[in-house]
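>>> this one's sequence-less:
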């Protein structure tokens, strides 16, 4: 049996790929921002899926409507790489309705905070202290989510499916993306975050590279914290620490670093809701088995359950904006945000209990 290498050489051998992926993801976020994406939002899965929901007219918030090529690129990059490595395995049937509901709840929490776990670490790299409060909530949510895992929580096994099933989601994204290039067919923001965008070809190409790397490294924000809590394994955490380092350096070079709570790009300063929103995201992501970024990568690998989860994210974005749950730079939404968050926690608790099978 091969012994694990110890010391620095062993550390590099075990972790070089996830660290490299993190550095490239962080650099990609900085580059996409320089090319036109919103500041501290070079890459944000929740924000981009919200913009896609707006582009498809699932909500009418005019400032967040644009079919983001980055989402398409991430899925295609993961699909291509998984096919090259013979890891493309169409499968599904693991509690799809539950996953759809979990996806909705995770998105609602993310839009209360104003960002997914990936944007959270990008915001930290930009100096946004509000994101540190979100990080604390994210960790608390993941810790809560690990308890049902320890007692046998499961969404049941996935089953092998035919190739056509695994291709439906990527093909749908490509078709919608092509249609989005037709003038005036989809909604498109003329002001606000949705109007801030890198050229589509640059966004698509960069996301293809990031998707391929994330497929190989298994980078996952929620999985990283979960593994530390449950197994004392820091492997995936090194990836998002690398994202922070790359974004920090990039922002210092481009003079976009701003440390503090106030006047941060597309962020609010309500610490309680930043915290609670990310508790919901962390807890829900653990039950799903991965953060929003990881769900896109799995969907690219042919996992139809993750594709259903992504549809849940998009539906959650529509619900958030249609019912005043989404935050903005001005503050918390005008809808019953606190009550919906409480309801979300109750639903997660119920799902945690009902899907837990006691170990023998």
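Yes, it's here. Everything numeric here is computed off the predicted structure, so don't read it as measured data.
>>> after the biggest helix by length in the chain comes which helix or strand?
Identified as the longest helix of the chain according to DSSP state H is helix 7-34. On the C-terminal side of helix 7-34, the closest following helix or strand by DSSP states H and E is helix 45-55.
>>> thinking again about what came up before, per-residue confidence averaged over the longest helix of the chain?
Average pLDDT, helix 7-34: 95.
>>> How about residue 106, nearest residue that isn't a chain neighbour?
Excluding the flanking residues, the one nearest residue 106 by Cβ to Cβ, 6 or more residues apart in numbering is residue 284, at 4.0 Å. For every residue, glycine as well, the C-beta is placed using N, CA and C.
>>> Tell me the spacing between the one you found and residue 94.
16 Å (Cβ to Cβ, to the nearest Å).
>>> Neighbour count for the two, which is higher?
Taking neighbours as other Cβ atoms under 10 Å, residue 284 and residue 94 compare with residue 284 leading, 33 against 19.
>>> Only the buried residues of the helix or strand where the more buried one lies, if you could.
Using DSSP H and E, residue 284 sits in helix 271-288. For helix 271-288, burial by neighbour count (16 or more other Cβ atoms under 10 Å) applies to 271, 273-288.
>>> Give the next helix or strand downstream of it.
Next element after helix 271-288 (DSSP H and E): helix 292-300.
>>> show me where the stretch 251-360 of the chain has helices.
In the stretch 251-360 of the chain, the helices defined using DSSP state H, counting those that start in this stretch lie at 271-288, 292-300, 304-322, 337-354.
>>> Point out where the stretch 101-250 of the chain drops to low pLDDT.
The model of the stretch 101-250 of the chain has no residue with pLDDT under 70.
>>> Strands along that one, start to end?
For the stretch 101-250 of the chain, the strands defined by DSSP state E, counting those that start in this stretch occupy 159-160.
>>> And the helices in it?
Ranges of helices in the stretch 101-250 of the chain, per DSSP H, counting those that start in this stretch, are 117-125, 129-150, 163-180, 200-217, 221-231, 235-253.
>>> Could you dump these into CSV and include distance to residue 76 and mean neighbour count?
Below are these laid out as CSV (distance: least, Cβ to Cβ, whole Å; neighbours: other Cβ atoms under 10 Å):
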stretch, distance to residue 76, mean neighbour count
helix 117-125, 18, 29
helix 129-150, 28, 21
helix 163-180, 6, 16
helix 200-217, 6, 21
helix 221-231, 21, 21
helix 235-253, 21, 21
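>>> Of those helices, which is nearest residue 303?
helix 163-180 (7.7 Å; Cβ to Cβ).
>>> got the contact list for residue 89?
Counting by Cβ atoms under 8 Å, 6 or more residues apart in numbering, residue 89 makes contact with 82, 160, 166, 301, 302, 303.
>>> do that again at 10 Å, thanks
82, 158, 160, 161, 163, 166, 301, 302, 303 (Cβ atoms under 10 Å, 6 or more residues apart in numbering).
>>> Narrow those residues to those that are buried.
82, 158, 161, 166, 301, 302, 303.
>>> Tabulate those residues (TSV), appending distance to residue 323.
Output for these, formatted as TSV (distance: Cβ to Cβ, whole Å):
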residue	distance to residue 323
82	37
158	32
161	34
166	34
301	33
302	34
303	30
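>>> Report the separation between residue 186 and residue 132.
For residue 186, the distance to residue 132 equals 36 Å [Cβ to Cβ].
>>> Which pLDDT value belongs to residue 4?
Looking at residue 4, the pLDDT reads 60.
>>> picking that back up, go ahead and measure how far the helix holding residue 284 is from the middle of the chain.
Remark: helix 271-288 is offset 12 Å from the chain centroid, using Cα atoms, centre = their mean, to the nearest Å.
>>> Apart from its chain neighbours, what residue comes closest to residue 48?
Nearest residue to residue 48 in three dimensions, chain neighbours excluded: residue 68, at 3.9 Å (Cβ to Cβ, 6+ apart).
>>> Correct me if wrong: the one you found contacts residue 42.
No. Counting by Cβ atoms under 10 Å, residue 68 does not reach residue 42; the two are 11.6 Å apart.
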